[in-house]
Every structure is written in structure tokens, then in C-alpha cells.
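>>> Okay, structure incoming, though there's no sequence with it:
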């Protein structure tokens, strides 16, 4: 029984760490222990480790750690690509070793031995497509076409030159400091892919997220059906009710069934819980990016819009404060006018409440179907793009 509880505690601890790491910065977790765990995992632990190395090994040790950090975080490297392949390979291996012996079973046919391999293979192909495809690199030969394809909105994008590439910088592009190149419709640099996500490979990235979400759901359901089949074939419910006299109700049977599963199929249960957790995380990540796609916005642009809206709101508040101050001064100067009643002054709407709301005017959002078409068929892959005239011409 101790082993079963240890597995349960291990699963809960793993879930807490994963949720804290991926979601701890969300506003809903502000001031909670999840935010503190997130800070410790992402910043605190590394900071304490760096200080420890500095005390024990001196400046040379600190310099060595910073060099490793530079290689892992600030330069293109295949570390996370290898980690992804190791995770998907190890997970599939454990599923084969622990579960394939029960396929075909009561609920699953033998074809799932082959469809599972095919599903994993498609996932790996999408991973390779996203990792090694061109995200939409802008260079001296094609920048003029991108300038025509993506006009400046003069709100978050203005006409300027990339200080690194020394070429005009089209709207919606960004120079990636890790890849050292300008990328059209830049979304973000993905360490898992060791590649930027941009105009030309966002479709592969979205397909990768959706497919892996479905793959995890498939694995979770398949393992669940295998366990349900074993429950049926071994006649566990019948044994518990007839031989042990347990009442035939969900509340009475559930603890005994769970105990039996933990004792006999703990590996399958852990795999099922792991896949379920990953599927939830992928669902959230895919939903976030799907919302960006259907509104024709990028991750990079969400930060730009946040900065712009915050700056514009402060500017509007400053204007309202100035107007209120002027009104107050003019009121003091008007001596001849009769004073308003205190009740009127009390209920009068403050000028600070009349701050003009900031509206996000995204000129690139041209409707659901057009936005989706732009993701699936990037502008640079169309015939009109290759025939486009340069801005200067």
C-alpha cells in the first residue's frame, strides 16, 4: 500500500511542478505559492546555484556556468530537440513494453499496434518540418517584396532599418538575436524546434501542437481502454462483489478498483496520467496560438500591443488630469459666479473618469477565413508575391 501512495504523491508533485513552471506567471496565480514555485524554478534556483559556484570555485567557475548558459539559451543548439526525441521515444517504448501485451483486448483491436506507430511517426515528421523549414528569412534579395506584402500600420510598426542586417525592416518582422536573422511575421523563437516560428512555418508549428494534443488524447484513451478491458476479462467487479461482499456501487467499488489497478498496472496508470497532463498543457498552448492565428496576431505583437495600450492609457490619463486641473483653476478664478451646492459637487462625474478607452486597431486582422488562409498559404508562397514589385520600383 505504501508503494501505491508513493506513486500517487509522486504524480501530484510532478503535476504541481509542471503547472507551476508553465503557468506560474499567469495573473490568476499572483501572490500564491504556485507563483513562488515558478520563480524559484525559473530564476531563484539558478541564482542560488550561481552564487554557490562563485563561492566554491570563484570567478572561473561562474564564467564557465555563464558560458554554458550562453550556449544553451543564447545560441542555436539541438539540446531541446534531442530532449523531445528522447521523451517521445521513451514514452512510446514504455507503452509498447507495458501495454502492447494486452492488445488486442476486450475493447481494442490489434490494429492499434500499427496506428500508434503511425501516429508517433506523423508527429516526428511534423517536428522535423517545423525544425528545419525556413521560417521566412528576410534578406537583401526579398526584403522589398515583404515590404509590399506587409504595410506599416504606424502604430506598432514604423519604417526603419534593421541595425544588424542593414536592410529595411518590413512590418511584422523581427531580428532574432539567437538565429541572427530577420524573420517575416515573427512569432517567437522556439527552443524545442531550435528554429524561429514565422510566416512560412507557423502552419507546421500549429499542426505539430494539434497533432501532439490528439496523440496524447489517443494514448490516454487507449491505455484506459486496455485497463478497462483487463477489468472486464479478469472479472474484478464480480470478484469484489461476490467473494468479498463489497456493495455493488461506484462509491464502494472505486477505492478497491483503484487499489487493484495501482498494484497491478502502476506503469500504465502513470503513463496515462502523464499523457493526460501533457494533453491539457498542449490544449492550452494550442488554444492560445489558435486565437492569435484567427485574429492575425503574433506572440511578438501581443507584447507590442500591451506596451502600446499601456502607454496610450497613461497618455490619456495624463490628458484627463491636465483637463481636470485646468477646470479646477478656472473654477477658483471665477469669483462672481454663484457657488454650486455641495451635493451637486459631490455627485458630479470626475473628469478623470472620462478617460478615452484605448482601442486595439489591428489592420492585419481581415476576418477569420482570410486570416486562416494566410496561415495555411503564406503570402511569400503565393505567385503574386514572387511577381511583386519592389517598394522603390
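Yep, it's here. Since the structure is predicted, the reported quantities are computational estimates derived from the model, not experimental observations.
>>> I figured residue 364 hits residue 156, correct?
No. Using C-beta atoms under 8 Å as the test, residue 364 is too far from residue 156 to be in contact (10.2 Å). The way it works is simple: take the backbone N, C-alpha and C, and place the C-beta from them, glycine included.
>>> Check the average confidence over stretch 230-248, would you?
Averaging the model's pLDDT scores along stretch 230-248 yields 79.
>>> continuing past the helix or strand bottoming out on mean pLDDT in the chain, what's the next helix or strand?
Every helix and strand of the chain was ranked by mean pLDDT, DSSP states H and E. The lowest is helix 342-347, at a mean of 52. Downstream of helix 342-347, the next assigned helix or strand under DSSP states H and E is helix 368-376.
>>> elements contacting that next one?
When contacts are defined as 3 or more C-beta pairs under 8 Å, 6 or more residues apart in numbering; DSSP states H and E, helix 368-376 sits against helix 202-233, helix 266-294.
>>> what is the mean pLDDT for that helix?
Looking at helix 368-376 alone, the average pLDDT works out to 95.
>>> Let me know the angle separating it from helix 266-294.
Regarding helix 368-376 and helix 266-294, their directions subtend 110 degrees when assessed with axes from the mean of the first three to the mean of the last three C-alpha atoms, to 10 degrees.
>>> Any buried residues in helix 368-376, and which?
In terms of neighbour count (16 or more other C-beta atoms under 10 Å), helix 368-376 has its buried residues at 371, 374, 375.
>>> Just the angle for it relative to helix 202-233, thanks.
90 degrees.
>>> what's in contact with the next helix or strand after helix 368-376?
In the C-terminal direction, the helix or strand that comes right after helix 368-376 (DSSP H and E) is helix 383-386. Contacts of helix 383-386 from elsewhere in the structure, counted by C-beta atoms under 8 Å, 6 or more residues apart in numbering, are 145, 149, 379.
>>> from these, which is closest to residue 119?
The shortest distance between residue 119 and any of the contacts of helix 383-386, using C-beta to C-beta, involves residue 379 and amounts to 31.8 Å.
>>> For residue 80, see how far away residue 86 is.
Computed with C-beta to C-beta, to the nearest Å, the distance linking residue 86 and residue 80 is 10 Å.
>>> Name the SS class of residue 261, please.
helix (DSSP: H, G, I helix; E, B strand; the rest coil).
>>> do you know which of the helices and strands packed on helix 368-376 lies nearest residue 26?
The closest approach between residue 26 and any of the helices and strands packed on helix 368-376, judged by C-beta to C-beta, belongs to helix 266-294 at 10.1 Å.
>>> quick check: mean pLDDT across that closest one?
If you average the pLDDT over helix 266-294, you get 92.
>>> Next SSE downstream of it?
Following the chain from helix 266-294 toward its C-terminal end, the next helix or strand by DSSP H and E is helix 299-333.
>>> from the buried residues of helix 368-376, which single one is nearest residue 103?
Using C-beta to C-beta, residue 375 is the member of these that sits closest to residue 103, with 37.0 Å.
>>> close enough to count as contact, that closest one and residue 207?
No. Using C-beta under 8 Å, residue 375 is not in contact with residue 207, being 10.3 Å away.
>>> how close does the nearest residue to residue 218 once chain neighbours are set aside sit to residue 95?
Using C-beta to C-beta, 6 or more residues apart in numbering and skipping residues adjacent in sequence, the residue nearest residue 218 is residue 119, 6.2 Å away. Using C-beta to C-beta, one gets 11 Å for the distance from residue 119 to residue 95.
>>> All set, thanks.
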